[in-house]
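Novice: 3D, please:
(one chain, ligands or ions: 1)
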Amino acid sequence: MELSARPIYLYLIGYLLFFSQCVTKNSTAGLTTDPVVAEKYADPLKLVSPFPIGTVMSLSTFGLPQALSIVKTEFSSVTCENAMKIQATQPTATTFNFTESDSITNYCLRNGIRLHGHNLIWHQSLPAWLTAFQGDSAAWENVLKSRITTMLTHFKGRVKSWDVVNEALSDDGLLRVGVTSSNSKASLWAQKLGKDYVARCFQYAHAADPDARLFYNDYGQEYSPAKLNAILAMVKDFQKRGIPIHGLGLQFHTNIQRSDTDLKNAIAQMATSGLLIHISELDISMNGSQSYSAPTPAMLDIQKSRMNVIAAAYKALPASQRFGITFWGISDANSWITNDWPLLFDKSYAKKPAYYGFWDGLKL
Ligand code: G3I
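Specialist: Here you go, the predicted structure:
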């Protein structure tokens with residue numbers, strides 16, 4: 001039958017049905033109006049990726065249906081943005097509150113999503129009781145050990161990997177202790193427990209759950225060779241001393257000004273450790289100068305390209321080292337960075353060019 005002979009409305013119905021199917025297919029990830037694009041990128045990130053792709057959750061995620069739908073559709077791993085930190089889990093030295101962290105953990109397990117533990121020991125987000133704690137060194141050691149032991153024991157079997165220590169080093173590669181020119185925030189843990197507290201954190205964690213994969217997590221590997229080299233040196237020292245460490249987290253809170261070379265180099269250099277590599281808190285900000293009220297097409301294009309480079313560079317790692325890539329936010333509406341657009345989904349939960357760049361980097 002000649003095409004022109006068919007009543008035009010049949011084509012209209014056919015197109016609308018196809019369009020609605022595309023929208024339905026992508027409705028969790030925001031409306032994709034171009035059916036060709038919708039078809040090409042029909043597989044969600046977790047299906048197109050050979051390794052886990054993660055995001056963060058908090059209790060508020062459960063009240064955001066589009067965000068929650070994206071978590072279920074696109075991601076195979078979740079990190080609690082704040083729910084497992086000491087400020088959220090330990091209201092006093094001897095009491096723990098797992099309400100928020102358990103609700104997120106159990107939701108993820110019910111939905112077949114991996115839960116990565118974040119974090120056990122960090123110099124930030126400290127509760128008032130800790131900053132006011134007046135114990136001697138033995139009492140401080142007990143605070144450290146009991147926190148780590150209680151956390152690993154409580155989540156054992158449900159959470160199988162942890163950021164044991166977060167951001168213990170300054171950008172100059174030295175241990176963060178007091179405030180210096182290269183770090184604006186002191187570490188109470190280092191001050192009270194001495195420079196080798198990091199090693200003991202890993203030992204306590206391993207003793208509590210020998211099956212857990214234990215990570216050191218930090219930022220700045222893409223712009224500070226001193227910090228990158230200090231992390232690699234710490235790994236070598238731990239391995240020589242038999243201190244259990246299994247992975248390294250590169251937070252990658254980066255920006256569109258960072259070069260492809262810097263990003264690729266950080267991933268490749270950290271992988272020379274031979275450990276699991278987790279790009280653990282990825283976002284690519286664009287409005288550092290705060291001069292824009294919306295991203296320009298040029299900004300979005302560079303962000304797309306950076307996401308593509310990161311995905312491709314990470315995918316090139318040995319499969320045995322690919323722990324996964326985790327985004328530090330579901331959409332630009334949920335980012336910790338204000339007045340910026342650092343993630344894969346925009347403030348209306350629609351896919352951005354960054355999504356397609358990242359997807360292509362995983363697939364191609
Ligand atoms: O829950 C309280 C709420 O009760 C209170 O009303 C409100 C106002 O004071 O604060 C709420 O806590 C906030 C918490 O986020 C939950 O929203 C804290 O003030 C705020 O400081 C905290 O910010 C988090 C920050 O870490 C500090 O913990 C960000 O959401 C989180 O994205 C950020 O994530 C860190 C990683 O853990 C480590 N790497 C760097 C990254 C960015 O800083």
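Novice: Which residue ranges make up each domain of the protein?
Specialist: Per automatic domain parsing, the structural domains of the chain span 1-31, 41-363.
Novice: Quick one: end-to-end length of the last one, please.
Specialist: Its first and final residues considered, domain 41-363 spans 10 Å by Cα to Cα, to the nearest Å.
Novice: which parts of the protein sit against the ligand?
Specialist: 81-82, 85, 124-125, 166, 251, 281, 336 (Cβ under 6 Å from any ligand atom). (Glycine included, C-beta is placed from N, CA and C.)
Novice: Neighbour-wise, which one of those leads?
Specialist: For the residues of the chain next to the ligand, the largest number of neighbours (other Cβ atoms under 10 Å) sits with Glu281, at 25 neighbours.
Novice: doesn't that one fall inside a strand?
Specialist: Yes. Glu281 sits within a strand when classified using DSSP: H, G, I helix; E, B strand; the rest coil.
Novice: does it really touch Thr326, like I thought?
Specialist: Yes. With contact defined as Cβ atoms under 8 Å, Glu281 reaches Thr326; the gap is 6.5 Å.
Novice: Now do the shared contacts for the two.
Specialist: With contacts defined as Cβ atoms under 8 Å, 6 or more residues apart in numbering, the residues shared by Glu281 and Thr326 are Thr79.
Novice: before we move on, back to that, quick one, which of the domains of the chain is packed in tightest?
Specialist: domain 41-363 (a mean of 19; mean count of other Cβ atoms under 10 Å).
Novice: roughly how far apart are the closest residue to the ligand within the stretch 201-350 of the chain and His206?
Specialist: Residue of the stretch 201-350 of the chain nearest the ligand, by Cβ to the nearest ligand atom: Trp336 (3.2 Å). Trp336 sits 30 Å away from His206 when distances are taken as Cβ to Cβ, to the nearest Å.
Novice: about what we covered before: name all residues that make contact with the residue of the stretch 201-350 of the chain closest to the ligand.
Specialist: Trp336 neighbours (Cβ under 8 Å, 6+ apart): 81, 328-329.
Novice: Is it located within a strand, as I assumed?
Specialist: No. Under three-state DSSP, Trp336 falls outside any strand and is assigned coil.
Novice: ok, so what distance separates it from Gln87?
Specialist: Trp336 is 15 Å from Gln87, by Cβ to Cβ.
Novice: go on, Thr79?
Specialist: In terms of Cβ to Cβ, Thr79 sits 16 Å off from Gln87.
Novice: what's the answer for Pro65, then?
Specialist: 28 Å.
Novice: For the ligand, what's its nearest residue on the stretch 51-200 of the chain.
Specialist: Ser125 (3.8 Å).
Novice: Help me confirm that that residue comes into contact with Lys85.
Specialist: Yes. Using Cβ under 8 Å, Ser125 is in contact with Lys85, at 4.8 Å.
Novice: Using JSON lines, lay out the domains of the chain together with mean pLDDT.
Specialist: Listed next are those as JSON lines, based on pLDDT from 0 to 100:
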{"stretch": "domain 1-31", "mean pLDDT": "44"}
{"stretch": "domain 41-363", "mean pLDDT": "97"}
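Novice: Now do the strands in the stretch 251-364 of the chain.
Specialist: Along the stretch 251-364 of the chain, the segments classed as strands by DSSP state E, counting those that start in this stretch run 253-255, 276-285, 322-327.
Novice: nearest to His246, of those?
Specialist: strand 276-285 (5.7 Å; Cβ to Cβ).
Novice: Just the C-alpha atoms of stretch 193-200, please, in CSV.
Specialist: Listed in CSV are the C-alpha atoms of stretch 193-200, where the atom choice follows Å, rounded to 0.1, in the frame of the first residue of the first chain:
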residue,chain,number,x,y,z
LEU,A,193,45.9,9.9,68.3
GLY,A,194,49.3,10.6,66.6
LYS,A,195,50.5,10.4,63.0
ASP,A,196,49.9,6.6,62.7
TYR,A,197,46.2,6.7,63.5
VAL,A,198,45.3,6.0,59.9
ALA,A,199,47.0,2.6,59.9
ARG,A,200,45.2,1.7,63.2
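Novice: which outside residues touch that stretch?
Specialist: Taking Cβ under 8 Å, 6+ apart as the rule, stretch 193-200 contacts 121, 137, 140-141, 144-145, 165, 168, 175, 177, 189-190, 216, 234, 238, 241, 243.
Novice: List the contacts of Leu282.
Specialist: Taking Cβ under 8 Å, 6+ apart, one finds 251-254, 310, 325-328 in contact with Leu282.
Novice: quick one: Gly117 and His154 touch, right?
Specialist: No. Counting by Cβ under 8 Å, Gly117 stays clear of His154, with 10.3 Å between them.
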